[in-house]
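**Q** Kindly generate the corresponding structure for this input.
(one chain, ligands or ions: 1)
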Amino acid sequence: MYKTITEGKANIRVPTEKKVSSELPVFYNPVMKLNRDLTVSVLANSGLHDVRVCLPLAGTGVRGIRLLLETNIVNEIVMNDFSKEAVKIIKQNLKLNKLDKDKRIKIENRYANALLDENEGFQYIDVDPFGYPGSFLDSAINKIGRNGIIGVTATDTSCLCGSYQGACQRKYWARSLRNIIMHETGLRILIRFVQLIGAKYDKALIPIFSYSSDHYMRVFFRCEKKLNALDKILSQHCYLTYCGKCFEWKVEKHIFAKQKCKCGHKNDYAGPLWSGKLWDKKLVKKMAKNSDLKVLQTIKEEMDVDVIGFYPISKVAERFKIHNIEKIDTIIEKIKKKGHKATRTHFIGEGVRTDIPVKRLVKLMG
Ligand SMILES: C[S@@+](CC[C@H](N)C(=O)[O-])C[C@H]1O[C@@H](n2cnc3c(N)ncnc32)[C@H](O)[C@@H]1O
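**A** Residues are numbered from 1 along each chain as shown. I've put the predicted structure just below:
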């Protein structure tokens, strides 16, 4: 059974089932509206116009229909899903939005990699799978054109955030860590992984918009086909050593053995991971200007504090036995008064991204 809902400017037929799972007759997750809102926002502000777009894992077609109705990037769009039921619903959804006669749209019912492998290049490809994106990245990256954009979703966050370190090592070629900044280290592990696949095709994949939310992580990369750009991004892969006792982390180029922290506690480490920027500032400013999404306003502030990691204030208070916690905004103001940078982070509501050393932060909070 299906019902019609509205998302952005699109009317979409979606399954009536309340429980969202990959078992749905056609997959639609309302929680992923933010993912699609931000996809529309990145592309509407990306400078791409009239290009070839591919949605190899299209589901109900909602994302493609929204790109058609809410941006001017599409010259041709291929919407594909290997499920026959999904293709039937994509066609119904196109009709519902009066797009069924639009000559720019091609619908395919194939395996995503076969579709990508047998097509010409695209300027935007959206990799939005169930769970792990790695199975689709070779084909997608191989077909992304110069200055094109590729959007990648990963929903296997328990592996990226350290609950399943073995799986992370096998699938993302890096050690994840379950700690206070696990969402950021997970996102940075994902970025480096996608970049390494890009390197096989001599493509430098530069993150232009990255975030973590709910049960997933999402990164948009701009593709440059210059070897010096590729060398530059590969040189920005690093490790993070982390002390679970004093909450300090450090960027290290190499890890030789688990070292001890100054406090005597054993350090652990995550990585290799991306140590470069998570956002293109110009793009984020444009996105934030043209949208009232709260996450964009937060990231606009956050991107100016160019450090890795943040402090979840209640965890710092708990660890260092601080009983009266002030408001986050008060703590941020106090840090700034001491001459340091500080801002909220989109990663968690009670997080502060700052360049103040943890000892000084604790002193200031106590
Ligand atoms: C997470 S859903 C996509 C959701 C959609 N992009 C959206 O924004 O609502 C993944 C989709 O990929 C399809 N799929 C999974 N593996 C596939 C494959 N190997 N080739 C083509 N489609 C596949 C599934 O049928 C499902 O519709």
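
**Q** Enumerate the residues of the stretch 51-200 of the chain near the ligand.
**A** By CB under 6 Å from any ligand atom, the residues of the stretch 51-200 of the chain that approach the ligand are 57-60, 62-63, 81-83, 86, 111-112, 128-130. For every residue, glycine as well, the C-beta is placed using N, CA and C.

**Q** Try it again at 5 Å.
**A** Residues of the stretch 51-200 of the chain lying near the ligand by CB under 5 Å from any ligand atom: 57, 59, 63, 81-83, 86, 111-112, 128.

**Q** Just the buried subset of those, please.
**A** The neighbour-count criterion (16 or more other CB atoms under 10 Å) marks 57, 59, 63, 81-83, 86, 112, 128 among those as buried.

**Q** Need these in TSV (columns: pLDDT, secondary structure and distance to residue 103).
**A** Listed next are these as TSV, based on pLDDT from 0 to 100; DSSP: H, G, I helix; E, B strand; the rest coil; distance: CB to CB, whole Å:
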residue	pLDDT	secondary structure	distance to residue 103
57	98	coil	23
59	97	coil	23
63	98	helix	20
81	98	coil	21
82	97	coil	24
83	97	coil	25
86	97	helix	22
112	98	helix	23
128	98	coil	25
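
**Q** So, low pLDDT: which residues of the stretch 201-350 of the chain?
**A** Counting by pLDDT under 70, the stretch 201-350 of the chain shows low-confidence ranges at 257-258.

**Q** can you map out the strands along it?
**A** Using DSSP state E, counting those that start in this stretch, the strands found in the stretch 201-350 of the chain span residues 204-213, 216-224, 237-243, 248-252, 268-274, 311-312, 342-344.

**Q** Can you name the residue of the stretch 251-366 of the chain nearest to the ligand?
**A** residue 293 (16.7 Å; CB to the nearest ligand atom).

**Q** Please report the distance of that residue from residue 149.
**A** 19 Å (CB to CB, to the nearest Å).

**Q** In terms of neighbours, single out the busier of those two.
**A** Neighbour totals were compared for residue 293 and residue 149, and residue 149 leads with 27 against 15 (other CB atoms under 10 Å).

**Q** residues contacting the more buried one?
**A** Residues in contact with residue 149 (CB atoms under 8 Å, 6 or more residues apart in numbering) are 42-43, 46, 48, 123-125, 208, 220-223.

**Q** Would you reformat the residues you listed as CSV and include neighbour count?
**A** Converted to CSV, those look like this (neighbours: other CB atoms under 10 Å):
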residue, neighbour count
42, 23
43, 25
46, 24
48, 21
123, 25
124, 26
125, 29
208, 21
220, 25
221, 25
222, 22
223, 21
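
**Q** Name the nearest of those relative to residue 302.
**A** residue 208 (15.0 Å; CB to CB).

**Q** Number of residues surrounding the nearest residue to the closest one once chain neighbours are set aside?
**A** Spatial nearest neighbour of residue 208, chain neighbours left out: residue 280 (4.0 Å); criterion: CB to CB, 6 or more residues apart in numbering. Neighbours of residue 280 under the rule other CB under 10 Å: 19.

**Q** From what I see, residue 280 and residue 209 are in contact.
**A** Yes - using CB atoms under 8 Å, residue 280 makes contact with residue 209 at a distance of 6.9 Å.

**Q** how about residue 10, phi and psi?
**A** For residue 10, the backbone dihedrals (degrees, to the nearest 10) come out as phi -100, psi 140.

**Q** and it, what are its bridge partners?
**A** Counting by DSSP bridges, residue 10 forms beta bridges with residue 7.

**Q** The chain should start at 37 in everything you say after this.
**A** With the count now opening at 37, the last piece we talked about shows up as residue 46.

**Q** mind listing what it touches?
**A** 98, 101-102, 105, 129, 133.

**Q** Now with 7 Å, please.
**A** Residues near residue 46 by CB atoms under 7 Å, 6 or more residues apart in numbering: 98, 101-102, 105, 133.

**Q** Now do stretch 129-137: distance to the chain's middle.
**A** Taking CA atoms, centre = their mean, to the nearest Å, the mean C-alpha location of stretch 129-137 is offset from the chain mean by 30 Å.

**Q** which residues sit against that stretch?
**A** Under the contact criterion CB under 7 Å, 6+ apart, stretch 129-137 has outside partners 46-49, 96-97, 101, 104-105, 141.

**Q** can you do 8 Å?
**A** Contacts of stretch 129-137 with the rest of the structure, by CB under 8 Å, 6+ apart, involve 40, 46-49, 96-98, 101, 104-105, 127, 138, 141, 143.

**Q** which of those tops the neighbour count?
**A** Busiest of these [other CB under 10 Å] is residue 97, holding 32 neighbours.

**Q** which non-adjacent residue is nearest it?
**A** residue 126 (3.6 Å).

**Q** Now for the residues of the stretch 87-236 of the chain next to the ligand: which two are most distant?
**A** Distance extremes for these: the farthest pair is 99 and 147 at 19.0 Å, using CB to CB.

**Q** Check the gap between the residue in the stretch 237-386 of the chain that the ligand sits nearest to and residue 79 for me.
**A** Closest approach between the stretch 237-386 of the chain and the ligand, counting by CB to the nearest ligand atom: residue 252, at 9.7 Å. Distance from residue 252 to residue 79, counting by CB to CB: 18 Å.
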